[in-house]
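J.: okay, here's the prediction I keep looking at, along with the sequence it came from:
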Amino acid sequence: MLLAQVIPYASALLVAIVLGILVRNLVPASRWPEAVDPGLAFAAKPLLRLGVVCLGAQLAVGDILGLGAGTIALVVVAVLGGFFAAVGLGRLMKLPTDLTILIASGFSICGAAAVAGADSAIPAKKEHTTAAVALVVVFGTLMIAVVPLSATGFGLSPEFVGLWTGASVHEVAQVVAIGGIVGGGALEIAVVVKLARVLMLAVVIAGLSLWQRRQPTVEGAPSGKRPPLVPLFVIGFIALVTLRSIGLIPDAALPWFSTAQSILLAAAMFALGAGVRVKQLAELGPKPAVHALLTTVVMSAIGIGGAAMIVS
């Protein structure tokens with residue numbers, strides 16, 4: 001997290017996952033301390049899910065309803081349209097089903113937290129989860145340059161940029177960075193729209209869990225116990241949204257939840273990175289990156305189109 005502050009707008013999640021990969025691959029397999037594996041497994045699953053739960057404290061239903069019907073419709077179209085477009089692209093490109101769903105979730109909802117949610121709902125290979133997280137933070141970070149440059153070049157209004165950013169950029173931190181650069185009220189609009197997308201996390205994960213319960217197996221993963229219709233961490237996420245919405249979580253507590261979320265997710269990203277060999281990621285080839293690029297373009301197209309309709 002300190003390194004992410006030194007490098008302007010670098011994602012703490014990206015830094016953590018890269019450090020994890022470096023540590024795992026620079027230490028020879030014969031010297032890897034197996035005693036750390038249980039701790040890494042704990043960070044990669046329970047801590048990751050707890051980080052997603054903390055995200056719920058930032059959401060108040062009243063703020064979302066205050067967006068208006070047009071903006072709420074844009075949020076729904078961005079999440080569901082982006083998700084199914086990404087799934088369709090993945091099938092056309094013949095990507096593994098689990099990798100396609102992980103990328104679709106991360107890019108359409110809320111980045112690494114959504115990848116974690118999808119990973120809990122479907123059986124997924126560890127290297128696929130790591131790849132999806134890396135792609136979502138890399139392409140989202142690129143948007144930190146693309147959106148402000150486009151706003152300046154085309155003379156876009158702060159309201160337009162806020163709607164576009166909130167509806168299409170992947171991570172909350174990336175949305176905050178873009179809104180802060182553009183200024184003029186773009187930040188406030190972008191964050192509220194983005195948090196409305198985050199609220200869709202529970203809906204999509206419940207849908208994925210229901211879909212998975214109807215599948216005998218998932219490509220590349222052994223069959224096993226069916227996941228619950230609504231994972232426990234999603235219930236925790238909804239509980240914090242509810243507490244925040246009825247005023248039982250005061251504004252003064254929000255920085256604590258935000259810090260806890262950042263620390264938990266960064267620890268989880270390091271653990272995910274430490275569980276993967278570079279050779280495994282290299283074997284995936286360029287297709288996942290191409291899929292991520294196309295999905296980013298689709299999300300931006302939805303965001304730009306929706307912003308144009310609302311602002312006009």
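T.: Received the coordinates, thanks.
J.: how about the helices of the stretch 201-312 of the chain, start to end?
T.: 201-213, 232-245, 254-274, 278-282, 287-311 (DSSP state H, counting those that start in this stretch).
J.: considering only helices and strands, which part of this structure has the lowest mean pLDDT?
T.: Using mean pLDDT, DSSP states H and E, the weakest-scoring helix or strand in the chain turns out to be helix 2-6, at a mean of 43.
J.: quick one: low-confidence parts of the stretch 151-300 of the chain?
T.: 216-230, 280 (pLDDT under 70).
J.: for the chain, which helix extends over the most residues?
T.: helix 126-154 (DSSP state H).
J.: quick one: list the elements packing against the helix or strand just after it.
T.: Downstream of helix 126-154, the next assigned helix or strand under DSSP states H and E is helix 158-168. Judged by 3 or more C-beta pairs under 8 Å, 6 or more residues apart in numbering; DSSP states H and E, helix 158-168 is in contact with helix 69-76, helix 126-154, helix 172-182, helix 186-199, helix 287-311. From N, CA and C alone the C-beta is placed, and that goes for glycine too.
J.: what does the helix or strand following the least confident helix or strand of the chain rub up against?
T.: Per DSSP H and E, the first helix or strand lying C-terminal to helix 2-6 is helix 12-26. For helix 12-26, the external contacting residues (C-beta atoms under 8 Å, 6 or more residues apart in numbering) are 1, 3-4, 7, 32, 111-112, 130, 133-134, 137-138, 141, 171, 173, 262, 265-267, 269-278, 281.
J.: quick check on the residues you listed: which are buried?
T.: Buried subset of those (neighbour count, 16 or more other C-beta atoms under 10 Å): 4, 111-112, 130, 133-134, 137, 141, 171, 173, 262, 265-267, 269-276, 281.
J.: show me the contacts for residue 120.
T.: Here residue 120 is in contact with 45, 49, 205, 227, 231, 233 (C-beta under 8 Å, 6+ apart).
J.: residues of stretch 250-269 that come out buried?
T.: Burial within stretch 250-269, assessed by neighbour count using 16+ other C-beta under 10 Å, is assigned to 257, 258, 260, 261, 262, 264, 265, 266, 267, 268, 269.
J.: for the second one, give me its contacts.
T.: When the contact criterion is C-beta under 8 Å, 6+ apart, the partners of residue 258 are 54, 58.
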